[in-house]
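Undergrad: My questions concern the predicted model and sequence given below.
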Amino acid sequence: MAKPRVVLNEQHQLMAEQIRILDERYAEQGWELYTVPAVGWTLAEMEEVAHDLSHCEVVFASPVPAVMKLLSNKSNTWHVFHNDRREKKELPNGRVIMTVAQEGWVIV
């Protein structure tokens with residue numbers, strides 16, 4: 001059986017307690033990170049990720065709603081909004097950040 005995967009945005013870090021809990025819960029088989037790029041994934045990439053993750057236990061440390069939906073049971077009782085588009089914005093201090101665009105939303 002595959003090691004459990006912990007979904008974590010590359011800009012985030014696990015806290016000491018989270019690591020301890022993961023180490024205790026998965027002491028026998030261990031666990032590994034499944035890193036989400038800072039700019040995110042397109043919906044097509046998320047479908048591939050969901051397929052890859054469907055073969056193991058998954059712990060979301062950073063939420064990826066579309067992947068969570070794709071991994072859930074096949075019920076159509078709930079949906080999520082998703083947007084592939086990102087925009088670069090420069091803050092007053094000169095720092096550049098990526099934000100989700102106002103347009104490009106779809107329901108998954």
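TA: Thanks, I have the structure now. Predicted model only: the values in this text are computed from it and were never measured.
Undergrad: Report the contact partners of R86.
TA: For R86, the contact set (CB atoms under 8 Å, 6 or more residues apart in numbering) comprises V39, G40, M98, T99, V100, A101. Using the backbone N, CA and C atoms, a C-beta is placed for each residue, glycine as well.
Undergrad: dump the residue contacts of the third one.
TA: This points to M98. A38, V39, R86, E87, K88, K89.
Undergrad: wait, is M46 part of a strand?
TA: No: according to DSSP: H, G, I helix; E, B strand; the rest coil, M46 belongs to no strand; its state is helix.
Undergrad: for this protein, what are the low-confidence residue spans?
TA: Applying pLDDT under 70 to the chain flags residues 73-81, 107-108.
Undergrad: Confirm that L33 sits in a strand.
TA: Yes: membership of L33 in a strand is supported by three-state DSSP.
Undergrad: Backbone dihedrals for the residue nearest to the spatial centre of the chain, please?
TA: Nearest residue to the geometric centre of the chain (CA atoms, centre = their mean): V64, 3.6 Å. With angles defined as degrees, to the nearest 10, V64 sits at phi -130, psi 90.
Undergrad: how near is it to Q18?
TA: V64 sits at a distance of 17 Å from Q18 (criterion: CB to CB, to the nearest Å).
Undergrad: ok, and the most crowded of the contacts of M98?
TA: If you count neighbours using other CB atoms under 10 Å, the busiest of these is R86, which has 15 neighbours.
Undergrad: Specify the beta-bridge partners of that residue.
TA: The residues listed as beta-bridge partners of R86 by DSSP bridges are V100.
Undergrad: cool, and V96?
TA: When bridges are called by DSSP bridges, V96 pairs up with E90.
Undergrad: looking at it, it is touching E90, isn't it?
TA: Yes: assessed by CB atoms under 8 Å, V96 is found in contact with E90 at 5.3 Å.
Undergrad: Kind regards, and thank you for your time.
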